[in-house]
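Novice: Below: sequence and its predicted model.
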Amino acid sequence: MPRISAIYGLFALLWLTVMSLSAVADNAKSARFSSTDKISLTLLEHTQASPGKAQSLPNLSSNNTVQLQAKSAIELDLVLNQINPDTLKKLALKGVTIHHISSEYLRADISIDQPDLLFQLAKIPEIRAIRQNYGAITQAGSVESLAGQALQSDRISGQLDLDGSGQTVGILSDSIAAGPNRDGDTLVNNRILTGSPSQDTNDLPAKITLLADRGFGSDEGAGMAELVHDIAPEANIAFHTAFLGFSSFADGITRLCRPGDGKSTVVVDDVIYFAEAMYQNDIIADAAANCVKSGIPYLSSAGNQGNAAFHSYYVDVDPDHDNQNFLPTGEDFHAWHDQDRYLDIKMGPGASFTAVLQWNQPFDSISRGAGAQIDLDIYVTPTPNPPSIGNLNAFGVNIQGDTGQPAGDALEVIQFSNNSLQSRTV
């Protein structure tokens with residue numbers, strides 16, 4: 001089972017189960033971008049690079065939180081065919097920052113400072129696909145620690161004289177000593193963290209094994225570690241950030257579980273990446289499964305988002321007509337309720353959401369050749385009408401395959417913010 005099979009979302013999760021495999025080929029969409037088919041179409045459409053390659057959709061307003069600006073870093077998730085010394089040299093382009101490369105999972109997390117670099121990267125034969133890094137969130141709590149009482153572990157530990165001695169708890173989160181839990185006395189030497197504020201107040205062990213941290217963060221990992229320390233005060237703690245990218249999360253799990261590295265006897269995380277597969281084990285789920293196979297329990301947060309999700313069969317509002325236009329005109333929209341083609345989302349001033357659409361088809365980034373055979377898209381519009389140049393706020397329009405022609409991942413992600421001072425419905 002996928003690691004996040006029970007997680008629905010702080011984000012609106014639009015989870016469609018599509019039973020039929022007789023999808024209509026999205027020829028109008030795929031034909032326009034056949035020469036750059038390695039690159040996520042949503043990435044192409046959001047960039048202002050290379051005239052003629054990303055001009056069919058309008059420039060979106062600042063309300064679209066994933067719009068890419070030429071002067072801002074663009075975070076990418078690369079799916080690779082192979083990794084060798086030549087691959088690393090080819091990736092070392094001016095304007096490319098490599099954050100993490102996983103030789104085990106053939107993935108790389110990078111950022112670029114100019115959209116035009118997408119097309120240079122697409123020419124590298126070792127790169128199979130270029131996807132946007134949609135980011136991740138932690139499942140942060142909002143109350144003071146009563147971990148022992150809540151789990152009633154204090155009753156067991158008191159009766160059996162258990163304090164965590166001989167155990168090492170591996171933790172994955174955003175950071176542990178990169179934000180509020182860092183001061184002038186904080187030091188990392190030979191992978192040992194000492195002197196952080198939480199350590200100075202004895203809320204954490206004096207020494208923590210630090211395999212990797214990021215340069216900034218909320219230090220949610222320190223909060224998790226404090227809960228662990230409350231429950232098992234004599235347990236050792238090891239930490240690896242999960243926020244350097246998709247592949248770094250998977251490699252972090254592997255390192256924490258490795259006897260010669262993190263030496264963990266149990267591993268926990270509170271992270272979800274928006275692009276994690278929900279109908280198939282991806283590299284993060286595989287890393288967790290391998291950890292369990294080695295005899296180390298792996299516990300993942302089930303999320304604090306409640307039931308902000310929608311799980312449904314796809315229902316064509318007009319099954320007698322198929323339309324291959326791009327942009328769509330509405331004949332193949334999903335019927336949310338009684339032939340209603342639009343799902344209203346009411347947003348207060350400053351509100352934002354991330355919508356993740358997945359359906360029961362394989363991911364090419366996982367199966368390598370057995371991708372999706374159904375192509376679905378998702379749009380946010382200011383009015384209940386088909387998307388157009390004057391009626392579009394955000395979109396997820398990556399190219400997937402058709403029956404007998406698998407391609408791409410069964411995934412679309414959109415992020416949208418209401419930056420106005422008034423409530424609005426989209």
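Specialist: It's in. Residues are numbered from 1 along each chain as shown.
Novice: what about the stretch 251-400 of the chain, any weak spots by pLDDT?
Specialist: 302-306 (pLDDT under 70).
Novice: Look up phi and psi at the residue nearest to D113 when sequence neighbours are not counted.
Specialist: Nearest residue to D113, sequence neighbours excluded (Cβ to Cβ, 6 or more residues apart in numbering): G95, at 4.5 Å. Heads up, the C-betas are built off the backbone N, CA and C, glycines and all. Main-chain dihedrals, G95, degrees, to the nearest 10: phi 100, psi 0.
Novice: Am I right that G95 is in contact with I110?
Specialist: No - applying Cβ atoms under 8 Å, one finds G95 not in contact with I110, separated by 10.3 Å.
Novice: mind listing what the residue nearest to D113 touches?
Specialist: Counting by Cβ atoms under 8 Å, 6 or more residues apart in numbering, G95 touches I112, D113, Q114, L117.
Novice: Which members of those residues are classed as buried?
Specialist: Among the contacts of G95, those buried by neighbour count (16 or more other Cβ atoms under 10 Å) are I112, Q114, L117.
Novice: Distance of the first one relative to L43?
Specialist: For I112, the distance to L43 under the criterion Cβ to Cβ, to the nearest Å works out to 10 Å.
Novice: ok but T87 is inside a strand, no?
Specialist: No - using DSSP: H, G, I helix; E, B strand; the rest coil, the assignment for T87 is helix, not a strand.
Novice: Please work out how many residues are found near it.
Specialist: A total of 20 residues lie near T87 under the criterion other Cβ atoms under 10 Å.
Novice: coming back round to it: what about the contacts of G95, which are in strands?
Specialist: I112 (DSSP state E).
Novice: Next, give me the two most distant ones among the contacts of G95.
Specialist: The two members of the contacts of G95 with the most space between them (Cβ to Cβ) are D113 and L117, at 7.5 Å.
Novice: Overlap of the contact sets of I112 and L43?
Specialist: Residues touching both I112 and L43 by Cβ under 8 Å, 6+ apart: I74, L76, L118.
Novice: got the buried residues for stretch 371-386?
Specialist: Buried-residue list, stretch 371-386, by 16+ other Cβ under 10 Å: G371, A372, Q373, I374, D375, L376, D377, I378, Y379, V380, T381, P386.
Novice: what about R341, distance to F353?
Specialist: Here the criterion is Cβ to Cβ. By it, R341 lies 19 Å from F353.
Novice: and which of the contacts of G95 is nearest to D183?
Specialist: Taking Cβ to Cβ as the measure, D113 is the one of those closest to D183, at 31.5 Å.
Novice: I'd guessed the closest one sits against E75; true?
Specialist: No - with contact defined as Cβ under 8 Å, D113 does not count as touching E75 (11.2 Å).
Novice: In contact with the residue nearest the centre of the chain, which residues are there?
Specialist: With distances taken as Cα atoms, centre = their mean, the chain has Y273 as the residue nearest its mean C-alpha position (2.4 Å). Y273 is in contact with Y134, G135, A136, F246, F249, I284, counting by Cβ under 8 Å, 6+ apart.
Novice: could you dump those to TSV with secondary structure, distance to S173 and neighbour count?
Specialist: Output for the contacts of Y273, formatted as TSV (DSSP: H, G, I helix; E, B strand; the rest coil; distance: Cβ to Cβ, whole Å; neighbours: other Cβ atoms under 10 Å):
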residue	secondary structure	distance to S173	neighbour count
Y134	coil	18	22
G135	coil	14	16
A136	strand	10	18
F246	helix	15	30
F249	helix	10	27
I284	helix	14	29
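Novice: Let me know the closest of these to P125.
Specialist: Among those, and counting by Cβ to Cβ, the member closest to P125 is F246, at 21.7 Å.
Novice: That closest one and N133 touch, don't they?
Specialist: Yes - assessed by Cβ under 8 Å, F246 is found in contact with N133 at 6.8 Å.
Novice: Give me the common contacts of these two.
Specialist: By Cβ under 8 Å, 6+ apart, F246 and N133 have these common neighbours: D77, D109, A275.
Novice: For N236, state which of those residues is nearest.
Specialist: D109 (28.1 Å).
Novice: hmm, who's touching the one helix or strand that closest one maps to?
Specialist: Assigned by DSSP states H and E, D109 belongs to strand 107-112. With contact meaning Cβ under 8 Å, 6+ apart, strand 107-112 is reached by 73-80, 91, 95-102, 118, 121, 133, 244-248, 250, 283.
Novice: Can you flag which of the residues you listed belong to strands?
Specialist: Taking DSSP E, the ones among the contacts of strand 107-112 that sit in strands are 74-80, 96-102.
Novice: Any chance of a ChimeraX selection covering the buried ones in the residues you listed?
Specialist: Buried residues within those, by 16+ other Cβ under 10 Å, are selected in ChimeraX with:
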select :74,75,76,77,78,79,80,96,99,100,101,102
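Novice: As TSV, the ones in strands among the contacts of strand 107-112 with distance to I208 and pLDDT would be great.
Specialist: Formatted as TSV, the ones in strands among the contacts of strand 107-112 follow (distance: Cβ to Cβ, whole Å; pLDDT from 0 to 100):
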residue	distance to I208	pLDDT
I74	33	89
E75	28	92
L76	31	94
D77	29	94
L78	31	95
V79	33	95
L80	32	94
V96	32	94
T97	27	94
I98	27	93
H99	23	93
H100	21	92
I101	26	93
S102	24	93
